[in-house]
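S.K.: sequence first, predicted coordinates after that:
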There are 2 protein chains.
Amino acid sequence: MLNFSTSEENYLKTIYHLQTKDDNVTTNELAEKLHARPASITDMMKKLKTRKLVNYQPYQGFRLTSEGKKIALGIIRRHRLWEYFLAEKLKFNWDEVHEVAEQLEHVSNKKLIDKLDEYLDHPKFDPHGDPIPDINGKMETGKQISLSELPINKTARICFIANQSGLLLEHLNEKKINIGASIVVKRKFNFDDSLEIKLDNKLLTISDQLAKNIFVKHG
Amino acid sequence: MLNFSTSEENYLKTIYHLQTKDDNVTTNELAEKLHARPASITDMMKKLKTRKLVNYQPYQGFRLTSEGKKIALGIIRRHRLWEYFLAEKLKFNWDEVHEVAEQLEHVSNKKLIDKLDEYLDHPKFDPHGDPIPDINGKMETGKQISLSELPINKTARICFIANQSGLLLEHLNEKKINIGASIVVKRKFNFDDSLEIKLDNKLLTISDQLAKNIFVKHG
DNA sequence: AGTATTTTTTAGGTTTGTCTAAATTTATTT
DNA sequence: AAATAAATTTAGACAAACCTAAAAAATACT
């Protein structure tokens, strides 16, 4: 396993993310995301091309090679595992974990990450609801939607709570609504858009306001 | 709180360690420890001097200023907390933690370290038995000695197991001898140098061979 | 199609942290 | 105390990763 600089890793990770939206990534796009100048991007693309991590032809944009994708998924795995650790174990707020994980993700030691994964019990989603790649780079793909958009009788899994205010979290705690739980919408009430949902074989009614803050993935 | 590069941090940390042995640190000493050339050390000393982290006069060696010492203790705190985390939570072997902690120690986020410290329950010693500086840079100072050198009836705390072989660890587990435990030697048997010790208010007899692998600190 | 605009690349420079080789200072030896 | 050896510093170079300004290519516009 080769080693990459923090800078190279940030490029690979960011290209990966941009690639899922647009197939082809452009110099300016990447420059903006990385808060760097276009000239710097060109420099790095030449370098990553010689390392066979991106396909790049001058003026034509670029995309990751399959090797580049593999590396990027490894970085994303580290980032999201650390985010999960920070939120779950160290009790960081949901909106504080990203910044710290940006640093931790560059500590590259395979054994560390695999043991961390094991310690955390192989979590499938990070605190933002984004899927965590497993040891082989595989992850859940289902698009994330708000619970209020979930069609009736489709089973889904809670993967993300948008608003992390104390009040909302307390409310969720009380109703025992947790990330990872399986959920089905049984009825929708048009009067106030409240929902009747099934969770752990129990029926609950929740407000539209709450449903909008609960994000789920089809399962 | 200013920020330091990984390189600067490694210099500060290493000077700190060398300083506890020799009061004055020399260019060649530091070069050897850091696997760098003497010329590089001189360069960095000039830089650290302008930042008021070391006292340095050409050809005269150097030592940390009190500010430099404060920074160094912060880095050592991070290093040892991560070592503890790796051994205690992720079940790394005692002899594998240093290398990984060398990387983790440079992730600088005060909140991260303080929350980690709290999560680990403010450990006082790392898996090598070295004391962990607290949030103010204070740490246990007592010299570490082998249990076989501990005078009779002096209370001490176990802080380090030298030999981490499976057999020894099993043996310690069986006798419930753990790092952090309070221990007193009640009798020494000259025949085979075995010891009668008091641990958790129970009396045990242990061999000299075992006692030599158990390190303790007064207090 | 021809011009203007935007995007991207090239050329050359800067900073950080390293290096080698030569010069200088300090220490040791006779 | 002079000569030799060892330690340290200076001078000049280099790679990585960035930058600015200018040039070149691609795109958009009348």
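M.R.: Yep, it's here. Residues are numbered from 1 along each chain as shown, chains lettered A, B, ... in the order given.

S.K.: in stretch A:49-62, what's buried?
M.R.: For stretch A:49-62, a neighbour-count test (16 or more other Cβ atoms under 10 Å in any protein chain shown) marks A:49, A:53-56, A:61-62 as buried. (C-beta placed from N, C-alpha, C; glycine too.)

S.K.: how about the strands in chain A?
M.R.: A:54-56, A:62-64, A:144-146, A:155-161, A:182-188, A:195-199, A:202-206, A:214-218 (DSSP state E).

S.K.: residues touching the most centrally placed residue in chain A, list them.
M.R.: By Cα atoms, centre = their mean, chain A has its centre lying nearest to residue A:130, at 2.4 Å. Residues near residue A:130 by Cβ atoms under 8 Å, 6 or more residues apart in numbering or on different chains: A:80, A:144, A:160.

S.K.: next one: phi and psi at the residue of chain A most remote from its centre?
M.R.: Distance to the chain centre peaks in chain A at residue A:191, reaching 34.3 Å (criterion: Cα atoms, centre = their mean). Main-chain torsions, residue A:191, degrees, to the nearest 10: phi -50, psi -50.

S.K.: for residue A:126, same thing?
M.R.: According to degrees, to the nearest 10, residue A:126 has phi -90, psi 180.

S.K.: sorry, back to before: nearest to DNA strand C, of the strands of chain A?
M.R.: Ranking the strands of chain A by their distance to DNA strand C (criterion: Cβ to the nearest atom of the strand) puts strand A:54-56 first, at 6.8 Å.

S.K.: average pLDDT across that closest one?
M.R.: Average pLDDT, strand A:54-56: 97.

S.K.: show me what it is packed against.
M.R.: helix A:38-50, strand A:62-64 (3 or more Cβ pairs under 8 Å, 6 or more residues apart in numbering or on different chains; DSSP states H and E).

S.K.: columns mean pLDDT on top of these, output as a markdown table?
M.R.: What follows is these, written out as a markdown table (pLDDT from 0 to 100):
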| stretch | mean pLDDT |
| --- | --- |
| helix A:38-50 | 98 |
| strand A:62-64 | 97 |
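
S.K.: what's the most buried one of these?
M.R.: Comparing those by mean neighbour count (mean count of other Cβ atoms under 10 Å in any protein chain shown), strand A:62-64 comes out on top with a mean of 21.

S.K.: gap between the helix or strand of chain A with the lowest mean pLDDT and the chain center?
M.R.: Every helix and strand of chain A was ranked by mean pLDDT, DSSP states H and E. The lowest is strand A:144-146, at a mean of 80. Offset of strand A:144-146 from its chain centre (Cα atoms, centre = their mean, to the nearest Å): 13 Å.

S.K.: ok, and for that strand, which residues are buried?
M.R.: Under the neighbour-count criterion of 16+ other Cβ under 10 Å, strand A:144-146 has residue A:144 buried.

S.K.: quick one: contacts of it?
M.R.: Applying Cβ under 8 Å, 6+ apart, the contact partners of strand A:144-146 are A:129-130, A:159-160, A:162, A:211-217.

S.K.: so what's residue A:160 scoring on pLDDT?
M.R.: The per-residue pLDDT reported for residue A:160 equals 78.

S.K.: again with residue A:172
M.R.: Taking residue A:172 on its own, its pLDDT is 84.

S.K.: ok, it touching residue A:178?
M.R.: Yes: counting by Cβ atoms under 8 Å, residue A:178 is a contact partner of residue A:172 at 7.3 Å.

S.K.: of these two, give the one with the bigger neighbour count.
M.R.: residue A:172 (19 against 12; other Cβ atoms under 10 Å in any protein chain shown).

S.K.: which ones are touching that one?
M.R.: Contacts of residue A:172 by Cβ under 8 Å, 6+ apart are A:161, A:178.

S.K.: is residue A:131 in a bridge, and if so with what?
M.R.: Residue A:131 has these beta-bridge partners by DSSP bridges: residue A:125.

S.K.: how close does residue A:86 sit to DNA strand C?
M.R.: In this view, residue A:86 and DNA strand C are 26 Å apart by Cβ to the nearest atom of the strand, to the nearest Å.

S.K.: how about stretch A:137-152: buried residues?
M.R.: Neighbour-count burial for stretch A:137-152, counted by 16+ other Cβ under 10 Å, picks out A:139-140, A:144, A:147-148, A:150.

S.K.: return the member of the contacts of residue A:130 nearest to residue A:12.
M.R.: The nearest member of the contacts of residue A:130 to residue A:12, counting by Cβ to Cβ, is residue A:80 at 15.3 Å.

S.K.: what's near enough to touch that closest one?
M.R.: Taking Cβ under 8 Å, 6+ apart as the contact definition, residue A:80 lies against A:101, A:126, A:130-133.

S.K.: equivalent analysis for residue A:52, please.
M.R.: Neighbour list for residue A:52: A:65, A:67-68 [criterion: Cβ under 8 Å, 6+ apart].

S.K.: run the angle between the longest helix seen in chain A and helix A:38-50 for me.
M.R.: For chain A, the helix with the greatest residue count under DSSP state H is helix A:66-88. Helix A:66-88 runs at 110 degrees relative to helix A:38-50, counting by axes from the mean of the first three to the mean of the last three Cα atoms, to 10 degrees.

S.K.: mind exporting helix A:66-88 as CSV, just the C-alpha atoms?
M.R.: Output in CSV follows, covering the C-alpha atoms of helix A:66-88 (Å, rounded to 0.1, in the frame of the first residue of the first chain):
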residue,chain,number,x,y,z
SER,A,66,-10.4,2.8,-10.6
GLU,A,67,-7.2,2.9,-8.5
GLY,A,68,-7.9,6.5,-7.6
LYS,A,69,-11.4,5.7,-6.7
LYS,A,70,-10.2,2.9,-4.4
ILE,A,71,-7.9,5.3,-2.6
ALA,A,72,-10.6,8.0,-2.3
LEU,A,73,-13.0,5.5,-0.8
GLY,A,74,-10.4,4.6,1.8
ILE,A,75,-10.1,8.2,2.8
ILE,A,76,-13.8,8.7,3.0
ARG,A,77,-14.0,5.5,5.1
ARG,A,78,-11.5,7.0,7.5
HIS,A,79,-13.3,10.3,7.6
ARG,A,80,-16.7,8.9,8.3
LEU,A,81,-15.5,6.4,10.9
TRP,A,82,-13.8,9.2,12.8
GLU,A,83,-16.9,11.3,12.6
TYR,A,84,-18.9,8.4,14.0
PHE,A,85,-16.4,8.0,16.8
LEU,A,86,-16.4,11.6,17.7
ALA,A,87,-20.1,11.9,17.9
GLU,A,88,-20.9,8.5,19.4
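
S.K.: thank you, goodbye.
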